[in-house]
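Student: Predicted model follows, preceded by the sequence.
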Amino acid sequence: MAKDLAKIVSDKKIKYVMFSFVDMFGALRAKMVPAKAVGRIQKDGAGFAGFATWLDMTPAFPDLLGMADPDSFMQLPWRPDIGWVACDLVMGGKEVDASPRVMLKRQLARAEKKGYRIKTGVECEFFLLNPDGTELSDAMDTQSKPCYDQGALMRQMDLIGAISDSMEALGFGNYQNDHEDGNGQFEMNWDYDDAMKTADRHVFFKFMAKTLAEEYGCRATFMPKPFNHLTGNGCHAHVSVWDKDGKKNLFHDPKGDLGISKLGYKFLGGIMHSADSLTAWFNPTVNSYKRINAPATASGATWAPNTVTYTGNNRTHMIRIPDEGRFELRLMDGAANPYLMQAGIAAAGLDGEENDRDPGARLDINMYEDGHKLKNVKRLPLNLLDALRLMEKSEVLNDAFGKDAIQSYLKLRMQDWNAYMSHSSQWERENTLDC
């Protein structure tokens, strides 16, 4: 039987529960439900107007219901009187095809039918800025190579410690936190797990980091490239596939090249096959393409890919194999929708398994120095428009998610692109005013 949220709320002395969902753009939406109504809302769903969010709906659509997944329930450590639960979207008694969490659920069900259990971990990077987002919150964070800077980490210790303590209270398994490669940039890591649990935690982590940052007088941003001269915010994913009981890592083969099984290489091949099309989800904003197509930053490297290649333990490629039994996909950035990100990994990887996608030979070179010499390698799109066009043409993604769901996303993102293109930038004025 499903967990009784009303009993959980009563036992934990919670006053309110946020019934929450994520729209196509990754924005977190919620209804605040008083404790006395939690049982009824768990049964009937929390009502929303889909048109009021980034979903492909009109005001004429009927109520959109958020049906809670009680397994996702979390109690806010910094506000223990409040609970949070992730919802799947339902309309007219049916799950909404073009809703991110449902899209991920269906890919995981597809994997489960094959006896597979997809496990992932994410590396969340973010900047800490002043409240209006114009400057770093720490004026002393100025090193040219600030990665792992202990002094800068200590100056933000109260906030980073509060986030770490909250993750520990929630059972995330936070195991390390560091100052990243950009001034004012941090990364926090927690244990890998089933892809849905990772996605739910990813959604909650972003909410938690932003909320706690505000309480400490600053602003956390996951924007892909907030400063031209600094390293952008990535969101790398570590991927492995296990048996249905979650006991055996099916990507691990001690006799395989770099300890990866044939299944692992097929899965990797599928992701490489669709990587350029998936940038529309993995790198979903106009700003994203200032990260994956950036020149070297103040630290000396961008740490972001611009071609579809893989290698061993080498961070200059889109995919690296840092250890036996898993690989790291380094393409995604901080703006990626946590559910669509995992759904894209699953869909492309399963396509690789089903169609014996061959990733080809790995490249053991420094891509930042020698990548320009390569011929016949797939390049990543240079902007959001190119990425959207690639997604639209992708048979793999249209087959996996259905044309309607893909078109819904493309329609909304094209509105985003057109809104961007309707504005002239200061750079354009400075460089073309007198042309």
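Tutor: That came in fine, so what should we check first? Being a predicted model, the structure only gives us computed values, none of them experimental. Numbering: from 1, shown residues only.
Student: From start to finish, how long is stretch 356-370 in a straight line?
Tutor: 29 Å (Cα to Cα, to the nearest Å).
Student: can you give me the offset of it from its chain's centre?
Tutor: The chain centroid and the centroid of stretch 356-370 are separated by 24 Å under Cα atoms, centre = their mean, to the nearest Å.
Student: Please state the mean pLDDT value computed over that stretch.
Tutor: In this model, stretch 356-370 has an average pLDDT of 95.
Student: same deal with stretch 316-328?
Tutor: The pLDDT scores in stretch 316-328 average 97.
Student: Then stretch 105-112?
Tutor: pLDDT averaged over stretch 105-112 gives 98.
Student: Can you give the contact residues for that stretch?
Tutor: With Cβ atoms under 8 Å, 6 or more residues apart in numbering as the test, stretch 105-112 has contacts from 88, 95, 117-118, 194-196, 241, 244, 342-343, 346-347, 350, 400-401. Every C-beta, even on glycine, is put in place using the N, C-alpha and C of the backbone.
Student: List the buried residues for it?
Tutor: Residues of stretch 105-112 classed as buried: 105-108, 110-111 (neighbour count, 16 or more other Cβ atoms under 10 Å).
Student: now stretch 234-252
Tutor: With burial defined by 16+ other Cβ under 10 Å, the residues of stretch 234-252 counted as buried are 234-242, 249-252.
Student: Of these, which belong to strands?
Tutor: In this view, the buried residues of stretch 234-252 that belong to strands under DSSP state E are 235-242.
Student: Redo those residues as a markdown table? Include distance to F207.
Tutor: Below are these laid out as a markdown table (distance: Cβ to Cβ, whole Å):
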| residue | distance to F207 |
| --- | --- |
| C235 | 15 |
| H236 | 20 |
| A237 | 19 |
| H238 | 22 |
| V239 | 24 |
| S240 | 26 |
| V241 | 28 |
| W242 | 28 |
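Student: and of those, the nearest to N283?
Tutor: C235 (9.8 Å; Cβ to Cβ).
Student: which one is that closest one nearest to, not counting chain neighbours?
Tutor: Of all residues beyond its chain neighbours, the one nearest C235 is M332 (4.5 Å), with distances taken as Cβ to Cβ, 6 or more residues apart in numbering.
Student: returning to that earlier point: what's the most distant pair in the buried residues of stretch 234-252?
Tutor: The most widely separated members of the buried residues of stretch 234-252, counting by Cβ to Cβ, are G234 and L250 (26.5 Å).
Student: could you flag which of the contacts of stretch 105-112 are buried?
Tutor: Neighbour-count burial (16+ other Cβ under 10 Å) applied to these gives 88, 117-118, 194-196, 241, 342-343, 346-347, 350, 400-401.
Student: I'd like those written out as JSON lines, with pLDDT, secondary structure and distance to D4 added.
Tutor: Output for these, formatted as JSON lines (pLDDT from 0 to 100; DSSP: H, G, I helix; E, B strand; the rest coil; distance: Cβ to Cβ, whole Å):
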{"residue": "D88", "pLDDT": "98", "secondary structure": "strand", "distance to D4": "18"}
{"residue": "R117", "pLDDT": "98", "secondary structure": "strand", "distance to D4": "27"}
{"residue": "I118", "pLDDT": "98", "secondary structure": "strand", "distance to D4": "29"}
{"residue": "D194", "pLDDT": "98", "secondary structure": "strand", "distance to D4": "23"}
{"residue": "A195", "pLDDT": "98", "secondary structure": "helix", "distance to D4": "26"}
{"residue": "M196", "pLDDT": "98", "secondary structure": "helix", "distance to D4": "21"}
{"residue": "V241", "pLDDT": "98", "secondary structure": "strand", "distance to D4": "33"}
{"residue": "Q342", "pLDDT": "98", "secondary structure": "helix", "distance to D4": "28"}
{"residue": "A343", "pLDDT": "98", "secondary structure": "helix", "distance to D4": "29"}
{"residue": "A346", "pLDDT": "98", "secondary structure": "helix", "distance to D4": "30"}
{"residue": "A347", "pLDDT": "98", "secondary structure": "helix", "distance to D4": "34"}
{"residue": "L350", "pLDDT": "98", "secondary structure": "helix", "distance to D4": "34"}
{"residue": "A400", "pLDDT": "98", "secondary structure": "helix", "distance to D4": "35"}
{"residue": "F401", "pLDDT": "98", "secondary structure": "helix", "distance to D4": "33"}
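Student: mind listing the helices in the stretch 201-350 of the chain by residue range?
Tutor: Secondary structure of the stretch 201-350 of the chain, counting by DSSP state H, counting those that start in this stretch: helices at 262-282, 338-354.
Student: What residues does F73 make contact with?
Tutor: Contacts of F73 (Cβ under 8 Å, 6+ apart): 3, 5, 8, 83-85.
Student: Generate a markdown table for the residues you listed, with secondary structure and distance to G182 as supplementary columns.
Tutor: Output for the contacts of F73, formatted as a markdown table (DSSP: H, G, I helix; E, B strand; the rest coil; distance: Cβ to Cβ, whole Å):
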| residue | secondary structure | distance to G182 |
| --- | --- | --- |
| K3 | coil | 41 |
| L5 | helix | 40 |
| I8 | helix | 40 |
| G83 | strand | 34 |
| W84 | strand | 29 |
| V85 | strand | 34 |
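Student: Name the nearest of these relative to A304.
Tutor: Distance to A304 across these (Cβ to Cβ) is lowest for W84, with 31.4 Å.
Student: how many neighbours does the closest one have?
Tutor: Residues lying near W84 (other Cβ atoms under 10 Å) number 24.
Student: Repeat that for the one 3 residues further on.
Tutor: Residues near C87, counting by other Cβ under 10 Å, number 27.
Student: Next, the buried residues of the helix or strand hosting it.
Tutor: Element membership of C87 [criterion: DSSP states H and E] is strand 82-91. By neighbour count on 16+ other Cβ under 10 Å, the buried set for strand 82-91 is 83-91.
Student: Same list as before, the buried residues of stretch 234-252 that is, but in TSV and with distance to R413 included.
Tutor: Shown next, in TSV, are the buried residues of stretch 234-252 (distance: Cβ to Cβ, whole Å):
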residue	distance to R413
G234	20
C235	18
H236	23
A237	21
H238	27
V239	25
S240	30
V241	29
W242	33
N249	35
L250	34
F251	32
H252	37
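Student: out of those, who's nearest D416?
Tutor: Nearest member of the buried residues of stretch 234-252 to D416, counting by Cβ to Cβ, is C235, at 19.1 Å.
Student: The closest one bridge partners, please.
Tutor: Bridge pairing for C235 (DSSP bridges) gives the partners C124.
Student: got a list of what it touches?
Tutor: Neighbour list for C235: 122-125, 222, 332-334, 336, 341 [criterion: Cβ under 8 Å, 6+ apart].
Student: Mind picking the two most distant members of those?
Tutor: E125 and M341, at 14.0 Å, using Cβ to Cβ across the contacts of C235.
Student: Same drill for the two, tell me which one is more crowded.
Tutor: Taking neighbours as other Cβ under 10 Å, E125 and M341 compare with M341 leading, 30 against 24.
Student: Perfect, I'm done here.
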